[in-house]
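Undergrad: Could you work out the structure for the sequence below:
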Amino acid sequence: MKKYLKNLFDADNPAFVAAVDELALWSAPFGMTLLDNIKLIPGIKALDIGCGTGFPLLELANRLDDKSKVYGIDPWEKAIDRIKEKIFLYEITNVEALAATAENIPFENNFFDLIVSNNGINNVQDLDKTLSECYRILKPGGQFAFTFNLPESLKEFYDVFESVLEELGLLREIQKMHGHIFDKRKPIDFMEKAAEKSGFKIKSIIKNRFQYKFTDGNTFFSYPMIRFHFLPSWKEILPPQRVEEIFHLIETKLDEIASKEKELVMTVPYVCFDCLKNL
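TA: As a prediction, the model looks like this:
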């Protein structure tokens, strides 16, 4: 019997429930744009850098044939364990996940036909070293596609954040906020120069955006993606003794915007770089 004819659905199986965990809405728009712009060729070797808990790693493996092999790397070991659970449950035979960093990729020169990274390249410790590693392990003529969100992400929040800091006379914190944005979200021209410096030819840059909508400031700050992935770094910008005061003021201003506009909208612009390693 073909494995796809087997009945895997068992709502009472904890392993099944764990494996079909919901894909974060944050990752999905980036990933769909990425998948729309890569070439799926039979029998290739592919790498997903910063594969997290398995997207788009497993999606890519499931779309490629059994003669292809897809590898995923991420420094988060618990995430790699979660991927292995999914691989076992789904019986995927053409994929492997490893705990490793993008600055030291454990593969030989000219090994891969395709490298992808879904909002991962912009989160590495050393961008130049990472891009150099990608160039080293990619075959001549190979495709390197990666997505990242832009500095204008959540601009609606950052505008309010800056206005509150300015009202309180926290000018040093405003500088720290802008430094934080640059550290996490590089401009397009910066990433262009970095990719070209590493030897890649940029074939195209696909721009897109999506929105998050909330009823008020509290729902925005309580939203899991914001609460667990953004809020800690925002708090680090501020004097610890004033964190509660400042976020109360920010929330009040966001509530005023939501009341006036009948919703609170946060915009996330992003791009997908489609690159080639010259022959």
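
Undergrad: show me where pLDDT drops low in the chain?
TA: Within the chain, the stretches with pLDDT under 70 are 1-9, 11, 16-17, 19-23.

Undergrad: ok, which stretches of it are helices?
TA: 14-19, 27-36, 57-63, 77-90, 127-137, 155-167, 171-184, 188-197, 217-222, 224-229, 231-237, 243-261 (DSSP state H).

Undergrad: the domain parsing of the protein - what is it?
TA: Per automatic domain parsing, the structural domains of the chain span 3-150+186-210+270-277, 155-179+216-262.

Undergrad: deepest of those, which one?
TA: Each of the domains of the chain was assessed for mean neighbour count using mean count of other Cβ atoms under 10 Å. The highest is domain 3-150+186-210+270-277, with a mean of 17. (C-beta placed from N, C-alpha, C; glycine too.)

Undergrad: roughly how far out does it sit from the chain middle?
TA: For domain 3-150+186-210+270-277, the distance from its own C-alpha centre to the chain's C-alpha centre is 10 Å (Cα atoms, centre = their mean, to the nearest Å).

Undergrad: before we move on, the earlier item: looking at the helices of the chain, which is nearest to G43?
TA: Nearest of those to G43, taken as Cβ to Cβ: helix 57-63 at 13.6 Å.

Undergrad: OK, contacts around S204?
TA: Each residue near S204 by Cβ atoms under 8 Å, 6 or more residues apart in numbering is listed here: N37, D274.

Undergrad: give me the beta-bridge partners of it?
TA: Assessed by DSSP bridges, S204 has beta-bridge partners D274.

Undergrad: let's number from 18 now, not from 1
TA: I'll keep to 18 as the first residue from here, and by that count the last item is S221.

Undergrad: From S85, how far off is the residue nearest the centre of the chain?
TA: Per Cα atoms, centre = their mean, the C-alpha nearest to the average position across the chain is that of N136, at 2.6 Å. Distance of N136 to S85, computed by Cβ to Cβ, to the nearest Å: 23 Å.

Undergrad: and if you look at Q160?
TA: Between Q160 and S85 the computed distance is 14 Å (Cβ to Cβ).

Undergrad: again, but for N111
TA: Counting by Cβ to Cβ, the gap from N111 to S85 is 6 Å.

Undergrad: between the two, what contacts are shared?
TA: Residues touching both N111 and S85 (Cβ under 8 Å, 6+ apart): A78.

Undergrad: Now do the contacts for S134.
TA: Contacts for S134 (Cβ under 8 Å, 6+ apart) come out as D65, I66, G67, A119, A162, F163, T164.

Undergrad: 7 Å - rerun?
TA: Contacts for S134 (Cβ atoms under 7 Å, 6 or more residues apart in numbering) come out as D65, I66, G67, F163.

Undergrad: can you tell me which residues contact the second one?
TA: Remark: with contacts taken as Cβ under 7 Å, 6+ apart, I66 is in contact with I90, A119, I132, S134, G137, I138.

Undergrad: again with the first one
TA: Counting by Cβ under 7 Å, 6+ apart, D65 makes contact with P73, L74, L77, V87, G89, V133, S134.

Undergrad: hmm, back to that, please identify which of the helices of the chain is closest to L115.
TA: helix 94-107 (6.9 Å).

Undergrad: From what I see, Q142 and E120 are in contact.
TA: Yes. Q142 lies in contact with E120 (Cβ atoms under 7 Å); the separation is 6.3 Å.

Undergrad: which neighbours do those two share?
TA: With Cβ under 7 Å, 6+ apart applied, the contact sets of Q142 and E120 do not overlap.

Undergrad: sorry, back to before: which ones among the contacts of D65 lie within strands?
TA: Among these, the subset assigned to strands under DSSP state E consists of V87, G89, V133, S134.

Undergrad: okay, the residues you listed in JSON lines with distance to P59 next?
TA: As requested, these are arranged in JSON lines below (distance: Cβ to Cβ, whole Å):
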{"residue": "V87", "distance to P59": "13"}
{"residue": "G89", "distance to P59": "20"}
{"residue": "V133", "distance to P59": "17"}
{"residue": "S134", "distance to P59": "22"}
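
Undergrad: from the residues you listed, which is closest to I198?
TA: If you rank those by distance to I198 using Cβ to Cβ, S134 comes first, at 20.2 Å.
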